[in-house]
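Engineer: one predicted model, sequence on top.
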Amino acid sequence: MAASGMSNPMALGFRQPEEADPHERTFMQWPNALEVYKNRDDLEAVQEKIALIADTIARYEPVVMLADAGLHDEIGYWLSSKDIELWDVATEDLWCRDAGPLFLLNGRDELAAANLNFNGWGQKQKHDRDGRVAQTLLEKMGVHEFNTGVVGEPGGIEFDGEGTLIAHESSWLNPNRNSASRDVVTRQLKLAYGAQKLIWAKGVYGQDITDYHIDALARFVEPGVILIQLPDEIDPADPWSAAAWNTYRILKDAVDHAGRKFEIVVIPEPLQVRSAYPDFVASYVNYYLCNGAVIAAEFGDDKADAIAAKTLGELYPGREIVLLNVDAIGEAGGGIHCATQQQPASAGIWTGTINTGIRRAR
């Protein structure tokens, strides 16, 4: 891992584009480690849903599934679309949002990427292969890797594509990822994303594997507009409901990098879901934007599912709204956004050089 402060993509004009901007492709990872899923039935249930998401996105844009070459024949059994590419990048689990690279563009729309040094959500899960996904993929693509030294996951932060980040402290200001001060971590994240401001809320420490990723609660629709999923009221026995309302209050009182108050759109939680799994993630806002569509989850609560579809349609006019049953992924601790990572459309790969001693992907 590069030393902190050794790399500064922001100084070279790089930033992460909005997810709503055009994509070159979507990357996903094939889950295959029984050490993670414990039994074959659970693993195959997740594989079925990953295939469903990949097949769905492939209707709108190219999809690349990352997996060891020895698994490619097996993966072909699960996929319906023949247009999905299989790349030889070894994986253990499905969470490409977290293990994959953070793609960046400069003012000439040239492609580079940042590596956020995925460490299994603070050493909570085996990640011998997943911990190398970002570096291996960038080397395979010939894309320059920036590294600001921060440790964490892109699912733990939201960027408006213009200048403002939002995040939970629990996912970043946590000794299982970073021992540096708030000021240092803030600076590192701003450099990695090309942002001017980071708004922190507390989050929840130690109650789930991610330490409460923000992308399961609140998402930027566009600069100045945030969609958040809230329970009707705070349950004192439920740390998630208290943290969600705390995040909402902080965002309601905050301004972005340009001094704008946020327009906040609230969406209700589903109350009657199919899954009886105790730690089931039922997040409508953990959707994925691909070219021409919004791919989101539905949970079997007809009223809440309909509200979610209507709200997403109003927020993203001109895009098809596709709701999928991906319950097995919710039971594994995440959602559709967690399983995907976009590569923005670009004018080509950045070929600049910088004399700072940082490693360049080959």
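Structural biologist: It's in. Quick caveat, the model's predicted, so the values are computed rather than measured.
Engineer: look through the protein and tell me its longest helix.
Structural biologist: For the chain, the longest helix by residue count, based on DSSP state H, is helix 40-57.
Engineer: average pLDDT for that helix?
Structural biologist: The pLDDT scores in helix 40-57 average 98.
Engineer: could you do stretch 282-293 as well?
Structural biologist: Predicted confidence along stretch 282-293 averages 98 (mean pLDDT).
Engineer: on contacts alone, who are the packing partners of the helix or strand where Ile329 lies?
Structural biologist: Under the criterion of DSSP states H and E, Ile329 resides in helix 327-331. Contacts defined by 3 or more CB pairs under 8 Å, 6 or more residues apart in numbering; DSSP states H and E place helix 327-331 against helix 40-57. From N, CA and C alone the C-beta is placed, and that goes for glycine too.
Engineer: show me what the next helix-or-strand element following the helix holding Ile329 is packed against.
Structural biologist: Later in the chain than helix 327-331, the nearest helix or strand by DSSP H and E is strand 341-344. Judged by 3+ CB pairs under 8 Å, 6+ apart, strand 341-344 is in contact with strand 23-29, strand 102-105, strand 288-290.
Engineer: list the buried residues of strand 341-344.
Structural biologist: Of all the residues in strand 341-344, those buried under the rule 16 or more other CB atoms under 10 Å are 341-344.
Engineer: could you do stretch 33-44 as well?
Structural biologist: The neighbour-count check on stretch 33-44 (16+ other CB under 10 Å) flags 33, 36-37, 42-43 as buried.
Engineer: wait, what's in contact with Leu104?
Structural biologist: Leu104 makes contacts with 9, 14-16, 111-114, 146, 194, as judged by CB atoms under 8 Å, 6 or more residues apart in numbering.
Engineer: mind putting the helices and strands packed on strand 341-344 in CSV, distance to Asp183 included?
Structural biologist: Shown next, in CSV, are those (distance: least, CB to CB, whole Å):
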stretch, distance to Asp183
strand 23-29, 32
strand 102-105, 21
strand 288-290, 32
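Engineer: now do the strands in the stretch 251-362 of the chain.
Structural biologist: With DSSP state E, counting those that start in this stretch applied, the stretch 251-362 of the chain shows strands at 263-268, 288-290, 293-297, 320-324, 341-344, 348-349, listed in chain order.
Engineer: could I get these as JSON lines with distance to Thr136?
Structural biologist: Formatted as JSON lines, the strands of the stretch 251-362 of the chain follow (distance: least, CB to CB, whole Å):
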{"stretch": "strand 263-268", "distance to Thr136": "37"}
{"stretch": "strand 288-290", "distance to Thr136": "23"}
{"stretch": "strand 293-297", "distance to Thr136": "26"}
{"stretch": "strand 320-324", "distance to Thr136": "29"}
{"stretch": "strand 341-344", "distance to Thr136": "14"}
{"stretch": "strand 348-349", "distance to Thr136": "16"}
